[in-house]
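**Q** turn this into a model:
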Amino acid sequence: MRAKTWRYVLFGIIGLILIIGLSIGVSIITYVLVDNVDENIILTFLFFWSLAALIYLIIIRYRNKKNLKKKAYRYFDIGKIIFSQYKVEFEAHYTNYLNNQTRKIRPIDALAAFADIRGLSLVIDWRGEDNEGEIEEFINSKVDTLSWSNTIALREQYSDGETRDGEFIIRLFKALEKDLKQINHQLLFFDLGGDSYVFMITDAATYKNIMKSKDIDFHGAGKLRI
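**A** Numbers count the residues shown, from 1 in each chain. Predicted coordinates:
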């Protein structure tokens, strides 16, 4: 689950706990300080506070649902930019997602699924490549001839070192990014929240266009940290 979704859920839970806790606490304090208070007053007070908590939770749920719907349609436009060469196929794929939308499948998941179906993306474990050079092989299948100067230099540095420690792969992505920029291309990562890197290759203009959008689950190699 994405950070902002967790934030909304967390705020809702905290708000509910605070309201119910406050209502119970005030009721107890009132009962202790005013021992002759009418029990019906306490029950009424508790009822209205509980009702307020329920209304608050409903509002949070409604806002989350509304935000998800807006995000889903915004990702439709983003997908059209990313998959411009497969416009008809993507629109059919995403329309099906919108018509059968569930909380378990996020907009970013729908885009990642399409990229995978079309063979446009690659998945690499967080520790590193299973087979050395598989990323370069993937990139070569998507773009024109590329000079691997930065990538080759990095691999030579690690010729006798550990390349599946979770750190080398990040350095490799950054080196690949430098080489790709020489032909005006970049790595575009799908932020799926898992323990693998899912990415595709896009031209620099498309990448820049995508990154203009706010609150998106995409990033470049520059965001990766060791």
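**Q** after the lengthiest strand in the chain, which helix or strand is next? Please name it.
**A** Assignment by DSSP state E gives strand 196-203 as the longest strand of the chain. Downstream of strand 196-203, the first helix or strand assigned by DSSP states H and E is helix 204-210.
**Q** just to revisit the earlier point, and the longest strand of the chain, how far out from the chain middle?
**A** 14 Å (CA atoms, centre = their mean, to the nearest Å).
**Q** and for stretch 197-214?
**A** Counting by CA atoms, centre = their mean, stretch 197-214 is centred 14 Å from the centre of its parent chain.
**Q** can you list the domains in the chain?
**A** 3-70, 119-223 (automatic domain parsing).
**Q** between the ones you listed, which gets the lowest average pLDDT?
**A** Of all those, the minimum mean pLDDT falls on domain 3-70 (a mean of 63).
**Q** distance between stretch 157-165 and the chain's centre?
**A** Worked out by CA atoms, centre = their mean, stretch 157-165 lies 30 Å from the chain centre.
**Q** equivalent analysis for stretch 214-226, please.
**A** 10 Å.
**Q** and it, how far apart are its ends?
**A** End-to-end distance of stretch 214-226 (CA to CA, to the nearest Å): 25 Å.
**Q** now do the buried residues in it.
**A** Within stretch 214-226, the residues scored as buried using 16 or more other CB atoms under 10 Å are 216, 217, 218, 220, 221, 224. Where you see a C-beta, it was placed from the backbone N, CA and C, and this is true even at glycine.
**Q** narrow the residues you listed to those in helices?
**A** With DSSP state H as the criterion, helices contain none of those.
**Q** residue 213 contacts residue 78, doesn't it?
**A** Yes: contact criterion CB atoms under 8 Å: residue 213 and residue 78 qualify, at 6.2 Å.
**Q** and the two? Which one has more around it.
**A** residue 78 (20 against 13; other CB atoms under 10 Å).
**Q** next SSE after the strand or helix carrying the more buried one?
**A** Using DSSP H and E, residue 78 falls within helix 39-82. As assigned by DSSP H and E, the chain's next helix or strand after helix 39-82 is helix 87-99.
**Q** just the C-alphas of that following helix, formatted as PDB.
**A** Taking Å, rounded to 0.1, in the frame of the first residue of the first chain, the C-alpha atoms of helix 87-99 are listed here in PDB:
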ATOM      1  CA  LYS A  87      -2.700   3.300 -27.500                       C
ATOM      2  CA  VAL A  88      -5.600   1.100 -28.600                       C
ATOM      3  CA  GLU A  89      -4.400  -1.900 -26.600                       C
ATOM      4  CA  PHE A  90      -3.700   0.200 -23.500                       C
ATOM      5  CA  GLU A  91      -7.100   2.000 -23.600                       C
ATOM      6  CA  ALA A  92      -8.800  -1.400 -23.800                       C
ATOM      7  CA  HIS A  93      -6.700  -2.800 -20.900                       C
ATOM      8  CA  TYR A  94      -7.200   0.200 -18.600                       C
ATOM      9  CA  THR A  95     -10.900   0.600 -19.400                       C
ATOM     10  CA  ASN A  96     -11.400  -3.000 -18.300                       C
ATOM     11  CA  TYR A  97      -9.500  -2.100 -15.100                       C
ATOM     12  CA  LEU A  98     -11.700   1.000 -14.500                       C
ATOM     13  CA  ASN A  99     -14.900  -1.100 -15.000                       C
END
